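1. Would you be able to build a 3D model of this:
(2 chains)
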Number of protein chains: 2
Amino acid sequence: MAQERTIALDAMIASLLEEKKYNTLKDVFSTMAAADIAALFEDLPESSLPLLFRLLPKELAADTFVEMEPEQQELLITGFSDAELRDMVDELYVDDAADIVEEMPANVVSRILQQADPEKRRMINEILHYPEDSAGSIMTTEYVSLLPQRTVEEAIRRIRRVGVDKETINTCFVVDEKRKLLGTLTIRALILAEDGTQLETLMTPNAVAVTTTEDQETVAGQLAKYDLTSIPVVDGEDRLVGIVTIDDAVDVLVEEATEDIEKMAAITPSDRPYLKTSVWEVWKQRIPWLLLLMISATFTGMIITSFEDALSKLVILTAYIPMLMDTGGNSGSQASVSIIRSLSLGEVELSDIFRVIWKEFRVSILCGLSLALVGFLKLLLLDGMLWTTEYNGVAVALVVSGTLLMTVIAAKLIGCTLPLLAKKIGLDPAVCASPFITTMVDALSLLIYFGVATAVLHI
Amino acid sequence: MAQERTIALDAMIASLLEEKKYNTLKDVFSTMAAADIAALFEDLPESSLPLLFRLLPKELAADTFVEMEPEQQELLITGFSDAELRDMVDELYVDDAADIVEEMPANVVSRILQQADPEKRRMINEILHYPEDSAGSIMTTEYVSLLPQRTVEEAIRRIRRVGVDKETINTCFVVDEKRKLLGTLTIRALILAEDGTQLETLMTPNAVAVTTTEDQETVAGQLAKYDLTSIPVVDGEDRLVGIVTIDDAVDVLVEEATEDIEKMAAITPSDRPYLKTSVWEVWKQRIPWLLLLMISATFTGMIITSFEDALSKLVILTAYIPMLMDTGGNSGSQASVSIIRSLSLGEVELSDIFRVIWKEFRVSILCGLSLALVGFLKLLLLDGMLWTTEYNGVAVALVVSGTLLMTVIAAKLIGCTLPLLAKKIGLDPAVCASPFITTMVDALSLLIYFGVATAVLHI
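-> Here you go, the predicted model:
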């Protein structure tokens, strides 16, 4: 339904534009949310963009600009006069301005920074100088700070004076003269308190804070854990240098979950939406892993060829290779994915490794026994009827179900320890999920299979 | 580091408790955040819980209670006197109270509802009556509503009077006498406006709203998309019935990402953290899929046995089965996972199906050709040296690389269409990710492999 509405809107805007009904367009846009206008602009011809964009009121224009794709932002900036660009940069929050600057080519960046007033230029440069994905790089420096000796009345007066330029006033920050963070104060507490109350007695001391170099995922996790709408960012001396607001934290949480999912599926993460990524880029995200995994399958090939005599004597054994490998792979990735997600959410720590192994060991015994039992019955009762092959009955069924049990145990133990070991040595746990584990478990399950077959069937 | 600190804190609390230093404990707790106290309580012996809990000041006690596990909540409630329970329920926000009621056994529920005042009882029951995972079930009915004719000064006076019982005052909601939603008004706009301004001229009309039956994931997505800290929930007649706040939306986003990840790895989702889920429950989450996938592998077995003559003549063909199946499986799950995540994030719609297929087709040609080329060279140059088998040179290399190309194309097309088809018929796209696609792709890649082998090698 949302889709249909957008299509109808496209057509409406296009015909209003053709009829040059600019005042109507202005009215229409002013009823819309910035994110929706940006989405609409993407579907309209690029040539109409500068004209349409100029119909937006100042603040809405800035909000819409922030929501647009880098290509369109660049197109617009290139068309802006210096005065227009100055107005736009003036309206942007400093963290959004820094995000945009990061995506633009050098000549556009220098134009943007030229048009920013000196204070804003300083703040943008400050944010840009923090490492990517750190708290410093996603924070804003536009927050309300208050001194602890002030009263509620004075604080509200100050907020009314400076608040319009701040990204949020929902939480204010109490600092001493050296900008050392003393506590936080919600606008709610301020509004509900008596006018004469001193902020010192009203604020939340020991507020949760993060340092500028903290990883953005941890920062977002803190906001989620403590149900905050913003979190203070401090430097090494506990001085307040910025804040991270919940809207940016939500973006980080969604982005990091997507990255984890992509890594688990052997895709190099990209921060562009699927439909906007070119075929070549998608290929580049996917082919390295496919090649690596194809080449690492050389091991499974070597194992099979070294047992080729046994296999040519009893081809029925070949028929169970896919099933054993897939069951092993699935068992392993169940364990690894559970652990990887728990690590991301902070539910499992490195120090839990022995608890994890002990739990997976018991789960793998249960799963292995269930599969072995059902597999044994399936081989005896079903496969003999379905398959057109000379069949060795109970002995082969024993080999297959024994292999199932051992493979599942091995797969789950590998699946749960690899991510923890990866984290231990500073690698990303998500990268070693299913595909890697599949390769290891494939090789292992074949070795177990042929080992058991040789022992039981004497081939 | 956080871990070490918690351990040290455990020991400190335990020894303070033993020395009966209750006032010190009180002071220590009052410096801590609710989420941290709840985590600490989990690691302490259950018997000390009621005593420790009673040391918390009223509001902090309620906040901590909300963060605790259901088992511990039940333990505490059972030990509460009616008066204590009444105080607690009084402090709880109504959406949190409804969440707790949902987790408790019937006798505890009736005690809770008995102790709630009639208005709160009505609100809890209202929330409970909405379907699970709907906007209605996660909303709160404690918000600030304002009439459009009022002035800023009147509004602030009203907020000061009623705000203390509301979950948020950061956004207020403008409604007419029939509670029809007219617009939203941030506390920021109120604070920064002139005292005499009418709310009607200040509010954001056409505010984004959701209906009570909307899926919680969509609601959370709307909050994220429009950078909101709360979103109004309306009934069929556009009357305001509640709001969803950003903290609950963040929980939904994290929870839904975890569910998607678990489904992709063939795990039935659970809402309990890994280490708190019993071995039996983990087994129950995992075994149905393993059994299903093991049994569906019967097809691959049937395909192999029907080609057993060919395989016994040229065992080298068996050696490439794992590689071909894994490459197919990985290619397919790359495509399916990209589409599933894009569907979740609203970046891809059902109507994009042909764009998606066309894109995956081109990507699969690129990936397939790269793999076929590298595979061909690897077979000719590397495998002949490494593997101990009689070897058929160029012909086998052609068969394997031709199969690679076709398998990758088939796998990517299946991988991208299955999730879209699942969504079309109302199933969960995530459930048909890697494991299902692996099974289908396994069968298909074997058919292609044996088909090509029969044609080229005349076996």
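2. Pretty sure A:Thr64 sits against A:Glu42.
-> No: if you go by CB atoms under 8 Å, A:Thr64 and A:Glu42 don't touch, sitting 11.1 Å apart. Just so you know, the C-beta spots here come from the backbone N, C-alpha and C atoms, and that holds for glycine as well.
3. out of these two, which sits in the more crowded spot?
-> In terms of neighbours (other CB atoms under 10 Å in any protein chain shown), A:Thr64 is the more surrounded of A:Thr64 and A:Glu42; the figures are 24 against 15.
4. name the element the more buried one belongs to?
-> Element membership of A:Thr64 [criterion: DSSP states H and E] is helix A:58-67.
5. Next, the buried residues of that helix.
-> Neighbour-count burial for helix A:58-67, with 16 or more other CB atoms under 10 Å in any protein chain shown as criterion, is recorded at A:60-67.
6. which is the next helix or strand following it?
-> Remark: after helix A:58-67, the chain's next helix or strand is helix A:70-79, criterion DSSP H and E.
7. Dump that following helix to CSV, keeping only the CA atoms.
-> The C-alpha coordinates for helix A:70-79 follow below in CSV (Å, rounded to 0.1, in the frame of the first residue of the first chain):
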residue,chain,number,x,y,z
PRO,A,70,25.4,11.2,-1.7
GLU,A,71,25.1,11.4,-5.5
GLN,A,72,22.1,13.7,-5.2
GLN,A,73,23.6,15.7,-2.4
GLU,A,74,26.7,16.3,-4.6
LEU,A,75,24.5,17.3,-7.6
LEU,A,76,22.6,19.8,-5.5
ILE,A,77,25.7,21.3,-3.9
THR,A,78,27.3,21.7,-7.3
GLY,A,79,24.3,23.7,-8.4
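8. and for the next helix or strand along the chain from that helix, what are the contacting residues?
-> Where DSSP H and E defines the elements, the next helix or strand beyond helix A:70-79 is helix A:82-91. By CB atoms under 8 Å, 6 or more residues apart in numbering or on different chains, the list of residues contacting helix A:82-91 from outside reads A:58-59, A:61-62, A:65, A:77, A:80, A:97, A:111-112, A:114-117, A:120.
9. Repeat the analysis, applying 6 Å as the threshold.
-> With contacts defined as CB atoms under 6 Å, 6 or more residues apart in numbering or on different chains, helix A:82-91 is touched by A:58, A:62, A:115-116.
10. which bits of the stretch 51-200 of chain A sit near chain B?
-> A:163-164, A:169-170, A:187-188, A:191-192 (CB under 6 Å from any CB of the partner chain).
11. Among these, which are located in helices?
-> Here DSSP state H is the test, and those give A:187-188, A:191-192 as lying in helices.
12. In those, which residue is surrounded by the most others?
-> For those, the largest number of neighbours (other CB under 10 Å) sits with A:Ile187, at 25 neighbours.
13. Quick check: A:Ile77 touching A:Asn107?
-> No: using CB atoms under 6 Å as the test, A:Ile77 is too far from A:Asn107 to be in contact (10.0 Å).
14. which one of these two has more residues nearby?
-> Using other CB under 10 Å as the criterion, A:Ile77 and A:Asn107 rank with A:Ile77 on top: 20 against 9.
15. now the angle between helix A:82-91 and the helix holding A:Thr64, please.
-> 80 degrees (axes from the mean of the first three to the mean of the last three CA atoms, to 10 degrees).
16. Would you map out the domains in chain A?
-> With domains defined by automatic domain parsing, chain A comprises A:2-129, A:145-254, A:297-457.
17. I'd like those domains as CSV, with mean pLDDT appended.
-> Formatted as CSV, those follow (pLDDT from 0 to 100):
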stretch, mean pLDDT
domain A:2-129, 85
domain A:145-254, 92
domain A:297-457, 87
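18. Tell me which of those domains is the most buried.
-> Ranked by average neighbour count under the criterion mean count of other CB atoms under 10 Å in any protein chain shown, the domains of chain A are headed by domain A:297-457 at a mean of 21.
19. could you say which helix or strand contains A:Thr184?
-> Under the criterion of DSSP H and E, A:Thr184 resides in strand A:181-186.
20. Identify the residues contacting that strand?
-> A:148, A:171-176, A:203-205, A:207, A:209, A:232, A:234, A:238, A:240.
21. Nearest to chain B among these?
-> When the contacts of strand A:181-186 are ranked by distance to chain B (CB to the nearest CB), A:Pro205 comes first, at 7.3 Å.
22. Not counting its neighbours along the chain, what's nearest that closest one?
-> Distance criterion CB to CB, 6 or more residues apart in numbering or on different chains; nearest residue to A:Pro205, sequence neighbours excluded, is A:Gly183 at 4.4 Å.
23. The one you found bridge partners, please.
-> Beta-bridge pairing for A:Gly183 (DSSP bridges): A:Val174, A:Pro205.
24. picking that back up, go through the domains of chain A and name the closest to B:Lys26.
-> Closest approach to B:Lys26 among these (CB to CB): domain A:145-254, 15.0 Å.
25. Need phi/psi at A:Gln198.
-> phi -80, psi 140 (degrees, to the nearest 10).
26. Identify the residues contacting it.
-> By CB under 6 Å, 6+ apart, A:Gln198 lies in contact with A:Thr151.
27. how does it look with 10 Å?
-> A:148-152, A:154-155 (CB atoms under 10 Å, 6 or more residues apart in numbering or on different chains).
28. Compute the distance between it and A:Ile187, please.
-> Distance, A:Gln198 to A:Ile187, using CB to CB, to the nearest Å: 17 Å.
29. Same question for A:Ile459.
-> For A:Ile459, the distance to A:Ile187 - CB to CB - is 78 Å.
30. which SS class is A:Ile243?
-> Here A:Ile243 is recorded as strand under DSSP: H, G, I helix; E, B strand; the rest coil.
31. partner residues bridging it?
-> Beta-bridge pairing for A:Ile243 (DSSP bridges): A:Thr140, A:Pro232.
32. circling back: quick one: the buried residues of helix A:58-67 as a markdown table, columns for distance to B:Ser48 too.
-> Shown next, in a markdown table, are those (distance: CB to CB, whole Å):
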| residue | distance to B:Ser48 |
| --- | --- |
| A:Leu60 | 56 |
| A:Ala61 | 59 |
| A:Ala62 | 55 |
| A:Asp63 | 52 |
| A:Thr64 | 56 |
| A:Phe65 | 56 |
| A:Val66 | 51 |
| A:Glu67 | 51 |
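33. still on that earlier bit, show only the entries of the contacts of A:Gln198 found in helices.
-> If you go by DSSP H, the contacts of A:Gln198 have A:152, A:154-155 in helices.
34. For the nearest residue to A:Lys276 once chain neighbours are set aside, give me its contacts.
-> Leaving aside its sequence neighbours, A:Lys276 sits nearest to A:Glu69 (CB to CB, 6+ apart; 7.0 Å). Shown in contact with A:Glu69 (CB under 10 Å, 6+ apart): A:38, A:41-42, A:75, A:103, A:272-273, A:276.
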